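Novice: how does the following fold in three dimensions:
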Amino acid sequence: MSTQERWDIALKVLGGPLAGMGEQVFRGPVVRLGANPGPGGFKLGGYRGLDARQCVITAYTGGQVSVAPVGSNQIRLAPHSNVKWKEIDPITGPEYLSDGCAVHLGPVGRGATIEFVEARRLGVWEKGRLASDVADVAIADGGSANIDQAITRKGPVPASYKVGNVQTSTAPFWFLGCMFLMSSATAVSLLAIGGFVYFQRNVVELGPDEPGYEFYESIDLETAAVDTDLFEGLQKPFYDFVMAPNAEAAGGAQKDLDAPENWDQIFLQYTTASVDRHVRAWKVFRRLEAIKSDYAKVVSQLRASELPEVMAAIPYQESRYRPELQSVVCAKGYWQFMPEVALRVERKAGLPFKVRDCKLRGTNVKWTPKELAPPNMVAKNGEYMDEGQCMIDGCAVDDRLDLKKSTDASMYTLGEAFRDPTLRRSGSVVQMTIASHNAGYDDGRFTGRKKSSNILISYNKWIKKNGKARGPYYYGDNILCRTHEEKSWCGGAMPAETQHYVYSIVAQHLLAVCYYAQNYGEDRAFNPWVQYTTGDGYCKRFKIPSRAEVLRQK
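Specialist: Presented below is the predicted three-dimensional model:
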């Protein structure tokens, strides 16, 4: 059996739960990558869309390195990660790598992106082992063969290769481009926090740098870059405010939610991008300053009701805590309740929550809700609607405008979803409870007809269709519309508006925590959050403005 030089392979994950690991060195000449690659492989846990063995990277004498998909698995190459992966075609067989190249494993929008750092000479390897490790690698002309044969058949450097719409004339596009790339090392320290490893890095601090808007209703993740360091930095609060309540609610049904690789990574990516967008706007902090007392009251009521306090941002998303706002379909108040919901809460929960004697514009009619749920198509079938517009012009009694009463009502309606046994077992009850405020929980109990957009109905349908026992990734897997404004469901289990509803609320709350803890940490409602503004707390990653700075803004 012959021996040759042994080369180790240095790789770095560029996003997701493993990015904070920094550079990782694997013993060559063969490194398998995937969800469960086996001993000595690079296990990419927490990344969806990957096969157990997604691809194989192989180093040869002289430090020459190639990557090849296993079977029909998708692999894409580029000179760097700042590319539109959907414009790059998957490779069909072994291709050469150069230092600094980016490799995307799995479908676009899923999977993992890694950087090939370099190959490092170390000792010798037995050539006989190589063939057995890569025997299942597909090659360009079909079938399988070992890498030595495949590379020889293709030649030392492919004559041309099509990357997206770019056709190279000699060496591959990424091969030439990657030769000029330089990679930099970032210091990484590991801190054990909350039962999982939390990676802390130095990052450029973000803060308000534009007037902006009071809130951003949706993020287009295809055009919004998700900063890897920020993604890692938000893992601790994401766990505390979302995943810890999910894990507690799921109990024995979902035991592994403490581990970041088992989280809904798409949800976390959208949340990170939304935080990055909101933190830059002065108007966000001006509004938080104006509503500090109301936010504190809602947080206190949520804690008293044993509901996740992240839901305090729901009325920020709905109305920016402006009770007088009324939507085009007659939702009104802090929490933007429909009139029928008030009647349901009054009758079913026995709470003093009334909407009575509403004046319909242009008539002498005094309208009071009689049904316990809005019609399926409110704009078309609502008694208070005319050509898609709300005709209610004030009500003699409207408790939706009262913060205490409307928040008490929300504790009841949110509690219905949060305490539902099916949703609690899912591993994603927090995000589904938030979504239920937008899409409804289960109106069919009162109308006798299932409403497909209601969260319990859509979740059960999705579980059955996909043959799953539970749905910890239900929310992220169904963010398929690019923005909230699309008029379809884009193939998802939720309407576009609901798809982009939850992560914005979580992002707004994470920033509210920082602003209130830094400026009003002595308040009983905000004091538990001071931990996030000290030491290595995540708020240190942002330039959170002081109260004085906010008040100077116009």
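Novice: ok, longest helix in this protein?
Specialist: The longest helix of the chain (DSSP state H) is helix 502-520.
Novice: how about that helix: buried residues?
Specialist: Applying a neighbour-count criterion of 16 or more other C-beta atoms under 10 Å, one finds 502-520 buried in helix 502-520. Placement of C-beta: from N, CA and C, glycine included.
Novice: contacting residues around stretch 374-392?
Specialist: 326-330, 332, 338-341, 358-363, 367, 443, 447, 449, 451 (C-beta atoms under 8 Å, 6 or more residues apart in numbering).
Novice: ok, back up a step: who are the packing partners of the longest helix of the chain?
Specialist: helix 235-238, helix 265-278, helix 282-290, helix 292-304, helix 314-319, helix 429-439 (3 or more C-beta pairs under 8 Å, 6 or more residues apart in numbering; DSSP states H and E).
Novice: contacts for the helix or strand following the first one?
Specialist: When you say that, I think you mean helix 235-238. Downstream of helix 235-238, the first helix or strand assigned by DSSP states H and E is helix 244-250. For helix 244-250, the surrounding residues in contact (C-beta under 8 Å, 6+ apart) are 194, 254, 257-258, 308, 418, 424-431, 470, 472.
Novice: which of the residues you listed fall in strands?
Specialist: Among these, no residue falls in strands (DSSP state E).
Novice: quick check: which of the helices and strands packed on helix 502-520 is nearest to residue 372?
Specialist: Closest to residue 372 of the helices and strands packed on helix 502-520 is helix 429-439 (C-beta to C-beta; 15.9 Å).
Novice: so which bits of the next helix or strand after the closest one are buried?
Specialist: Sequence-wise, the next helix or strand downstream of helix 429-439 (DSSP H and E) is helix 444-447. Residues of helix 444-447 classed as buried by neighbour count (16+ other C-beta under 10 Å): residue 444.
Novice: got the angle for the next helix or strand after helix 444-447 vs helix 429-439?
Specialist: Counting by DSSP H and E, the next helix or strand C-terminal to helix 444-447 is helix 455-466. If you take axes from the mean of the first three to the mean of the last three C-alpha atoms, to 10 degrees, helix 455-466 sits at 120 degrees to helix 429-439.
Novice: now for the very next helix or strand once past helix 455-466, which elements pack on it?
Specialist: For helix 455-466, the following helix or strand on the C-terminal side (DSSP H and E) is helix 474-477. For helix 474-477, the packing partners by 3+ C-beta pairs under 8 Å, 6+ apart come out as helix 265-278, helix 429-439, helix 455-466.
Novice: go through those and pick out the most buried.
Specialist: Of these, the one with the most neighbours on average (mean count of other C-beta atoms under 10 Å) is helix 429-439, at a mean of 26.
Novice: circling back: save the helices and strands packed on helix 474-477 as CSV, and put in distance to residue 104 and mean pLDDT too.
Specialist: Output for these, formatted as CSV (distance: least, C-beta to C-beta, whole Å; pLDDT from 0 to 100):
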stretch, distance to residue 104, mean pLDDT
helix 265-278, 15, 95
helix 429-439, 26, 98
helix 455-466, 24, 96
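Novice: contacts for stretch 422-432 next, please.
Specialist: 242, 245-247, 249-251, 253-254, 257, 264, 267, 308, 310, 417-418, 420, 433, 455-456, 459-460, 470-475, 502, 506.
Novice: could you count how many residues lie near residue 448?
Specialist: Residues lying near residue 448 (other C-beta atoms under 10 Å) number 7.
Novice: one more: residue 38?
Specialist: 11.
Novice: which residues does residue 436 contact?
Specialist: 413, 414, 416, 417, 454, 455, 456.
Novice: coming back round to it: and the longest helix of the chain with helix 282-290, angle?
Specialist: Helix 502-520 runs at 60 degrees relative to helix 282-290, counting by the same axes, to 10 degrees.
Novice: okay, now the domains of the protein?
Specialist: The record's domain parsing of the chain by automatic domain parsing lists 3-178, 200-316+503-552, 324-401.
Novice: how about CSV for the ones you listed, with distance to residue 438 added?
Specialist: As requested, the domains of the chain are exported to CSV (distance: least, C-beta to C-beta, whole Å):
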stretch, distance to residue 438
domain 3-178, 23
domain 200-316+503-552, 9
domain 324-401, 9
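Novice: so for residue 465, which of the ones you listed sits nearest?
Specialist: It is, among the domains of the chain and with distance given as C-beta to C-beta, domain 3-178, at 16.9 Å.
Novice: wait, residue 357 sits on residue 368?
Specialist: Yes: in terms of C-beta atoms under 8 Å, residue 357 counts as a neighbour of residue 368; the distance is 6.0 Å.
Novice: quick revisit: out of the contacts of helix 244-250, which comes closest to residue 224?
Specialist: Proximity of those to residue 224 (C-beta to C-beta) peaks at residue 431, which lies at 19.4 Å.
Novice: doesn't residue 359 lie inside a strand?
Specialist: Yes: counting by DSSP: H, G, I helix; E, B strand; the rest coil, residue 359 is located in a strand.
Novice: hang on, it packs against residue 368?
Specialist: No: applying C-beta under 8 Å, one finds residue 359 not in contact with residue 368, separated by 11.1 Å.
Novice: pLDDT (mean, whole number) over the longest helix of the chain?
Specialist: Across helix 502-520, pLDDT averages out at 98.
Novice: tilt between that helix and helix 265-278?
Specialist: 50 degrees.
Novice: just checking, next helix/strand downstream of helix 502-520?
Specialist: helix 547-552.
Novice: how far off centre is that next one?
Specialist: 31 Å (C-alpha atoms, centre = their mean, to the nearest Å).
Novice: show me the contact partners of that helix.
Specialist: 282, 285, 286, 289, 519, 520.
Novice: change it to 10 Å
Specialist: Residues outside helix 547-552 that contact it (C-beta atoms under 10 Å, 6 or more residues apart in numbering) are 207-208, 282-290, 292, 515, 518-520, 543-546.
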